[in-house]
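Participant: With the input below, show me the fold.
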Amino acid sequence: MSAGFRRREVVLACGEVRDYDAAAWRDALVRVQGAGVELETVSGARRRFGHGAVLCLAGLPLRALRNPGPGLVTLIAISRDRTDSFSAEAPSYSQEHGTTPETEQQPCLPPGKRRSR
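Facilitator: Reported below is the predicted structural model:
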């Protein structure tokens, strides 16, 4: 694994149901390995994703992750290391250097209007 990233695996046994914890999936890309995983929304709808699917589980209205079987399912989560400068916890360049990004300095224009250069 490259510096600045971390890998973690979550294994679900056949029939296992795990409550969704949004914080556990924040800032991660997740690859499904083995049997498919079934995601259950807070409204009760379910959607299955098979081997090889790549998911982003952060911020979804989910209730649970399920392994409907047969076999094991492994969710491989790759996320940025919390100490990486691009991490959400890292201060932005403008915070570190007391600057305002150019996009924040310019006022918004109505649609169809262009800035003169």
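
Participant: When you work out contacts or count neighbours from here on, use the C-alpha atoms and nothing else.
Facilitator: Noted.

Participant: give the contact list for Ala28.
Facilitator: Residues near Ala28 by Cα atoms under 8 Å, 6 or more residues apart in numbering: 56-58, 77-80.

Participant: So what sits opposite the residue lying closest to it once chain neighbours are set aside in the bridge?
Facilitator: Closest residue to Ala28 apart from its sequence neighbours, by Cα to Cα, 6 or more residues apart in numbering: Ser79 at 4.3 Å. Beta-bridge partners for Ser79, by DSSP bridges, are Arg6, Ala28.

Participant: could you show me where the helices are in this protein, in order?
Facilitator: Under the criterion DSSP state H, helices of the chain are mapped to 22-25, 93-97, 102-105.

Participant: what about dumping the CA coordinates of the first one to PDB?
Facilitator: Once non-C-alpha atoms are left out, helix 22-25 reads as follows in PDB (Å, rounded to 0.1, in the frame of the first residue of the first chain):
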ATOM      1  CA  ALA A  22     -21.200   6.100   8.400                       C
ATOM      2  CA  ALA A  23     -18.000   7.100  10.200                       C
ATOM      3  CA  ALA A  24     -16.500   3.700   9.400                       C
ATOM      4  CA  TRP A  25     -16.800   4.300   5.700                       C
END
